[in-house]
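Q: Provide a 3D model corresponding to the input given below.
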Amino acid sequence: MKKLRLINELLLGGIFSALFFFILAQVFNSLKLEIIALLTLTIAWCIYYTKNIFSNMVIILFEISFIMFLSGTIILSFLQNKETILLGEFSKEINNHIVSTLFISQFFFPLGFLWANNKREHVKVPEKIQTFRDVSAYRKISAIGILITILPQIIVSYVNAKVQVDLGYVASYLGYETNISAILIRLARGYTVFFWIYLMSKPQKSKAYIVLIVNFLIACIRASGGHRSYIILAGLSSIMYLCYRQIEDSDITWFKSIWILYIIVLIPIIIVFFVNMAYTRINMVVDYSFVDYLSEFFESSSANVIGYGKVYSDRIPDGIYTIGGLFTVMIRNQSIVGSLFGFEVLKNHTLNMALYGRSFGQTITYLANSSIYFRGGGLGSSYIAETFHDFGYVGLIVINVMLGVILSRLYNYKNDSVWIKAIQFMMLESLMLLPRENTFSFIYANITTTNIGYFLITYLLVYMLKNQKIE
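A: Numbers count the residues shown, from 1 in each chain. Okay, the predicted model is just below:
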C-alpha cells in the first residue's frame, strides 16, 4: 500500500509541477520551460504506469511510440544542452507550438486511458460469455485458416519486398505491379484475421508462442523491402498479447516483469538497427558511431509534421483531415462504394491526392517538398497535427481523451467473444503507430472489405461446426 500511495503522490506532484512550468513558459514565452514541463510530465506518467504493468502495458507501449516518434527529439536535445533540433528548421514560435501540442497530448491521452480504467473497475460491465465449444470451434477454424493462408502470405511478402528493393524504397510508394495472382493475394490477406482469431481463442502457451514467432519471422520478410513498421508492430503486438494472457491466466507465467528491463536495455540497439536499415533501403552507406545513430533517429522525428502543419496552415486545402482518411479509403477509393457514387479514385503521390485526398501527410509533404512528394517520398503524418489543424487546442484535448478511452476499452474491458477481441487487437496494433499516423487509421486499416469477408466466413463456419449433432 505504501508503494502505491507513493506512486500516486509522485504522479500528482509531477502533474502539478509540469502544469506550473507550462504556465510559467506561457507567461515568459520560454521554450526551455515548456520542454521542462513536457519532460516532467513524461517522467511522472512513466512512473505511474509501473503501478500495474500488465494492465497498463498497452499505454506503456504507446508512450514508447510517442517518445520515439515525437517528443524524444526535443527532450534529447534539451538534455544534451542544445537548442531544440527543430529550431534550425522552424522559428521559435513554431517550436513553442510543437511543444505545446505535445504537452497537451501527453497530459490528456493518459488521463482518458486512466479514467476509462477507473470506470471499468467501479462499473459492472456485462460480459458475453462464450462456451468452451464456441471457443474450441473458433480455434479449429482459425488454425485451418492459418495453415491455408500462411504460405500465400509468405510468397506475397517475399515478392513485394523484392519488388520494393528492385524499384527502390521511396519509388515503391508510387505503386507497382507484380505477377502474383489475385487469388493468392486475397488468400494472403486472410492471414492476419486468422492469426488474431486463433490467438484470441486462448490456445496453449507453447502453441501461442509458436504462432507469435512465426508471425515475427513473416514480419521480417515483409520488412526486408524497407518497411520497418512491420517488425515494430509484430514486436509490440507480441508484447501486448503476452501481457493480456498474463492478466487472463495469472496462474501461468506468460510475461515476466524483468523482461521490461531487457526491452529497455535493447531499445537503443533496436533504434540503431532501424536507422541503419533506413540508409540501407536507399542504398546509402554511412560510418556513424553508436551515439550518432541514436541522434540521427531522434532528429528524424515526426514532430516536424506538427510544425509544417502550423507553417502551411493557410495553404492547406479546406476540409476535415481528421476523418479524411476514413472517407478516402473506405468510401471514395473503395471500388464498390466509390463506383456507386461515381467518385474518382485518388492515387497516392499525385496532385489530386495532395489537394483533394484529405490526407494530411501527403498534403504537407507536397507543400513542404513537392519534388520528394512526386518521387514517392513522404514526411508521414500525426494525429496531433491533423487534429490541431481541424479543431485547434480544444479539439486536441477532446481527441486525446477519446483516444485514451478507446485504447483502454480495446485492451482492458472484458469480452469473451473471440472475434470481437480479434478485431480489438488488430486495432490496438495499428494504434501503436498513431503518433505518426492518421487519426483514425486504426479503423480503416482493419475494417476492410476483405477482412469483413474473412470474419463472416469464420463466423459461419464456426456456427456450423458448433451446431453439428454429436452422434
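Q: Residue 206 and residue 111: what is the separation?
A: The gap separating residue 206 from residue 111 is 39 Å, by Cβ to Cβ, to the nearest Å. Every C-beta, even on glycine, is put in place using the N, C-alpha and C of the backbone.
Q: When the two are compared, which one has more neighbours?
A: residue 111 (17 against 8; other Cβ atoms under 10 Å).
Q: which residues touch that one?
A: 401, 404 (Cβ atoms under 8 Å, 6 or more residues apart in numbering).
Q: Okay, now the unreliable bits of the stretch 151-300 of the chain?
A: Within the stretch 151-300 of the chain, the stretches with pLDDT under 70 are 169-176, 277-300.
Q: which residues in it form strands?
A: Assigned by DSSP state E, counting those that start in this stretch, the stretch 151-300 of the chain shows no strands.
Q: Repeat that for the stretch 351-471 of the chain.
A: According to DSSP E, counting those that start in this stretch, the stretch 351-471 of the chain contains no strands.
Q: What's the mean pLDDT across stretch 138-146?
A: Computed over stretch 138-146, the mean pLDDT rounds to 94.
Q: With stretch 412-422 instead?
A: 81.
Q: Quote the end-to-end distance of that stretch.
A: Taking Cα to Cα, to the nearest Å as the measure, stretch 412-422 stretches 13 Å from start to finish.
Q: cool, and stretch 360-376?
A: Terminal-residue distance, stretch 360-376 (Cα to Cα): 15 Å.
Q: Give me the contacts around it.
A: Contacts of stretch 360-376 (Cβ under 8 Å, 6+ apart): 170-174, 305, 308-309, 312, 315-317, 321, 324, 348-349, 351, 353-355, 357, 377-382, 385-386, 389, 438.
Q: repeat that for 7 Å
A: In this structure, residues lying in contact with stretch 360-376 by Cβ atoms under 7 Å, 6 or more residues apart in numbering are 170-174, 305, 308-309, 312, 315-317, 321, 348-349, 353-354, 377-381, 385-386, 438.
Q: Repeat that for stretch 203-222.
A: 139, 153-154, 157-158, 161, 195, 198-199, 230-231, 234-235, 238, 241, 252, 254.
Q: Now the buried members of these.
A: Burial by neighbour count, 16 or more other Cβ atoms under 10 Å: within those this picks out 139, 153-154, 157, 161, 195, 198-199, 230-231, 234-235, 238, 241, 254.
Q: Against residue 270, how distant is residue 102?
A: Taking Cβ to Cβ, one finds residue 102 at 23 Å from residue 270.
Q: Between the two, tell me which one has more neighbours.
A: Using other Cβ under 10 Å, the more surrounded residue of residue 102 and residue 270 is residue 102, with 26 against 16.
Q: Give the buried residues for the helix or strand encompassing the more buried one.
A: In this assignment (DSSP states H and E), residue 102 forms part of helix 92-122. Buried residues in helix 92-122, counted by 16+ other Cβ under 10 Å: 94-114, 116-117, 120.
Q: roughly how far is stretch 191-200 from the heart of the chain?
A: The chain centroid and the centroid of stretch 191-200 are separated by 18 Å, computed with Cα atoms, centre = their mean, to the nearest Å.
Q: Oh, that last question was meant for stretch 431-438, not what I typed.
A: Worked out by Cα atoms, centre = their mean, stretch 431-438 lies 4 Å from the chain centre.
Q: Only C-alpha atoms, please: export that stretch in CSV.
A: In CSV, the C-alpha atoms belonging to stretch 431-438 read as follows (Å, rounded to 0.1, in the frame of the first residue of the first chain):
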residue,chain,number,x,y,z
LEU,A,431,-2.9,2.4,-32.6
MET,A,432,0.7,1.9,-31.6
LEU,A,433,1.8,3.9,-34.6
LEU,A,434,-0.8,6.7,-34.0
PRO,A,435,1.9,9.3,-33.2
ARG,A,436,3.0,9.2,-36.8
GLU,A,437,-0.3,8.1,-38.5
ASN,A,438,-3.7,9.5,-39.4
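Q: what does it contact?
A: Under Cβ under 7 Å, 6+ apart, the answer for stretch 431-438 is 61-62, 65-66, 69-70, 229, 233, 236, 302, 325, 360, 380-383, 386, 407, 442.
Q: Helices along the stretch 201-350 of the chain, start to end?
A: For the stretch 201-350 of the chain, the helices defined by DSSP state H, counting those that start in this stretch cover 205-223, 229-248, 258-280, 290-299, 303-311, 324-327, 335-341.
Q: which one of those has the most crowded surroundings?
A: Using mean count of other Cβ atoms under 10 Å, the stretch among the helices of the stretch 201-350 of the chain with the largest mean neighbour count is helix 303-311, at a mean of 25.
Q: Other residues contacting that one?
A: 70, 73-74, 86, 89-90, 94, 97-98, 101, 361, 364, 368, 379-382, 384-385, 388-389.
Q: how about 8 Å then?
A: With Cβ under 8 Å, 6+ apart as the test, helix 303-311 has contacts from 69-71, 73-74, 86, 89-90, 94-95, 97-98, 101-102, 316, 360-361, 364, 367-368, 379-382, 384-386, 388-389, 436.
Q: Phi first, then psi, for residue 321.
A: phi -80, psi -20 (degrees, to the nearest 10).
Q: Assess the claim that it and residue 388 are in contact.
A: No. Taking contacts as Cβ atoms under 8 Å, residue 321 lies outside contact range of residue 388: 10.1 Å.
Q: Now residue 237: closest residue in space, sequence neighbours ignored.
A: Distances taken as Cβ to Cβ, 6 or more residues apart in numbering put residue 429 closest to residue 237, at 4.5 Å, once the chain neighbours are dropped.
Q: again with residue 439
A: residue 383 (4.1 Å).
Q: which residues touch the one you found?
A: Residue 383 touches 322, 399, 403, 434, 435, 437, 438, 439, counting by Cβ under 8 Å, 6+ apart.
Q: Same list (the residues you listed) but as a markdown table, adding neighbour count.
A: Output for the contacts of residue 383, formatted as a markdown table (neighbours: other Cβ atoms under 10 Å):
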| residue | neighbour count |
| --- | --- |
| 322 | 21 |
| 399 | 24 |
| 403 | 23 |
| 434 | 23 |
| 435 | 28 |
| 437 | 24 |
| 438 | 29 |
| 439 | 25 |
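Q: and the two most separated of the residues you listed?
A: Among those, the pair separated by the greatest distance (Cβ to Cβ) is 322 and 435, at 14.9 Å.
Q: For residue 445, grab phi and psi.
A: phi -80, psi -20.
Q: How about it: what's its closest non-neighbour residue?
A: Leaving aside its sequence neighbours, residue 445 sits nearest to residue 430 (Cβ to Cβ, 6+ apart; 5.0 Å).
Q: ok, the one you found to residue 102 distance?
A: 21 Å.
Q: what's the answer for residue 401, then?
A: Taking Cβ to Cβ, one finds residue 401 at 16 Å from residue 102.
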